[in-house]
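Asker: sequence-free structure coming up:
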Ligand SMILES: *[C@@H]1O[C@H](CO)[C@@H](O)[C@H](O)[C@H]1NC(C)=O
């Protein structure tokens with residue numbers, strides 16, 4: 001009896017100390033920047049759109065997807081937008097003064113409903129330009145919706161979104177750059193950059209008490225599209241997500257829309273990389289288990305989270321809902337316990 005009490009007291013005091021370390025001393029919880037984004041809904045639900053692989057000056061139906069995003073955002077009443085990276089084609093921004101920010105972002109996502117915070121990660125194409133420019137606070141003076149960082153956390157009521165910089169994980173960008181130059185400033189040496197990132201992420205995931213945990217990156221962990229799975233992420237990132245009750249991993253990179261269930265955990269892999277040029281008919285794997293939905297045209301994803309449910313919908317370039325599913329938190333808790 002006594003020992004049980006001691007254990008409980010130890011656990012309480014331990015978690016108390018961890019909490020203190022988070023609020024007082026940011027170093028104790030890694031260098032990941034955190035943002036609080038309150039929901040605008042009275043019921044505390046959190047609603048957002050997810051789009052990826054988009055910036056082409058409106059071409060390849062980027063403007064049409066943007067138009068449908070505006071309509072869906074208005075209907076849903078979104079709190080923010082998530083971009084899964086490859087924000088500017090072909091080679092990111094040239095500098096903070098690159099007019100692509102206006103031509104491919106400000107002048108494209110013009111709907112009133114989209115005039116909200118955008119949370120953005122970098123894709124591999126962004127690294128082929130001035131990657132540091134996309135992270136600059138100067139861009140917020142040009143368009144205050146813009147927020148792009150390497151890795152960061154957004155806490156919104158019942159959800160925490162963990163944004164992860166996945167490009168430095170992919171070894172072939174270092175070993176076979178194929179004529180491209182990547183802006184690795186701030187990444188070298190990549191090995192310690194990645195191990196620090198994973199350490200910070202693990203700590204943040206472990207401490208998270210959010211009802212829903214979502215991890216966002218550019219590259220896919222599971223995909224049947226052109227690039228398929230990213231083997232480095234399967235090896236290094238996936239075990240962390242499985243061990244920490246992550247509900248969804250959201251990515252772009254493959255220019256399609258996908259919903260794939262993990263075969264080893266309740267994690268759902270959601271690809272939203274169809275913001276402009278889509279690769280029709282380009283399927284890498286046809287026998288993968290867990291594939292619920294694949295669409296190789298253009299579109300985006302919408303998410304509504306409540307205390308009990310996550311409603312996810314995939315929309316095409318004409319505004320049609322192609323795939324919809326609801327994930328219940330009770331299901332996840334139950335599955336987690338028995339997995
Ligand atoms: C734009 O979308 C329409 C409707 O899905 C499609 O037929 C057309 O091929 C697309 N255009 C481009 C350039 O992707």
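Answerer: Happy to help now that I have it. Values in this document were obtained by computation on a predicted structure and should not be read as measured data.
Asker: ok and the residue in the stretch 51-200 of the chain nearest the ligand?
Answerer: Using Cβ to the nearest ligand atom, the single residue of the stretch 51-200 of the chain nearest to the ligand is residue 61, 3.8 Å away. All C-beta spots, glycine's among them, are computed from the backbone N, C-alpha and C.
Asker: Kindly report the residues of the stretch 51-200 of the chain close to the ligand.
Answerer: Within reach of the ligand by Cβ under 6 Å from any ligand atom, the stretch 51-200 of the chain has these residues: 60, 61.
Asker: Show me the shaky parts of the stretch 51-200 of the chain.
Answerer: Applying pLDDT under 70 to the stretch 51-200 of the chain flags no residue at all.
Asker: Now do the buried residues in stretch 284-294.
Answerer: 288, 291, 293, 294 (16 or more other Cβ atoms under 10 Å).
Asker: And the strands in the stretch 1-150 of the chain, which stretches?
Answerer: According to DSSP state E, counting those that start in this stretch, the stretch 1-150 of the chain carries its strands in the segments 33-36, 46-51, 80-83, 117-120, 146-148.
Asker: Any idea how many residues pack against residue 299?
Answerer: Neighbourhood size, residue 299 [other Cβ atoms under 10 Å]: 29.
Asker: All the helices of this structure, residue numbers only.
Answerer: 2-24, 62-76, 100-101, 131-135, 138-142, 172-175, 190-207, 231-236, 238-243, 329-338 (DSSP state H).
Asker: And the nearest residue to residue 328 once chain neighbours are set aside, how far from the ligand?
Answerer: Spatial nearest neighbour of residue 328, excluding adjacent residues (Cβ to Cβ, 6 or more residues apart in numbering): residue 309 at 5.5 Å. In this view, residue 309 and the ligand are 30 Å apart by Cβ to the nearest ligand atom, to the nearest Å.
Asker: list the contacts for residue 309?
Answerer: 326, 327, 328, 329 (Cβ atoms under 8 Å, 6 or more residues apart in numbering).
Asker: what pairs with the residue minimising distance to the centre of the chain across the strands?
Answerer: For the chain, the residue nearest the mean C-alpha position is residue 216 (2.0 Å; Cα atoms, centre = their mean). Listed beta-bridge partners, residue 216: residue 163, residue 250 (assigned using DSSP bridges).
Asker: per-residue confidence at it?
Answerer: Confidence at residue 216, expressed as pLDDT, is 98.
Asker: Quick check, it in contact with residue 250.
Answerer: Yes. Because the distance of 4.8 Å satisfies Cβ atoms under 8 Å, residue 216 is recorded as touching residue 250.
Asker: Now do the shared contacts for those two.
Answerer: Contacts common to residue 216 and residue 250, judged by Cβ under 8 Å, 6+ apart, are 50, 82, 84.
Asker: from memory the first one sits against residue 274, does it?
Answerer: Read it as residue 50. No. If you go by Cβ under 8 Å, residue 50 and residue 274 don't touch, sitting 10.4 Å apart.
Asker: Comparing these two, which residue is more hemmed in?
Answerer: residue 274 (32 against 28).
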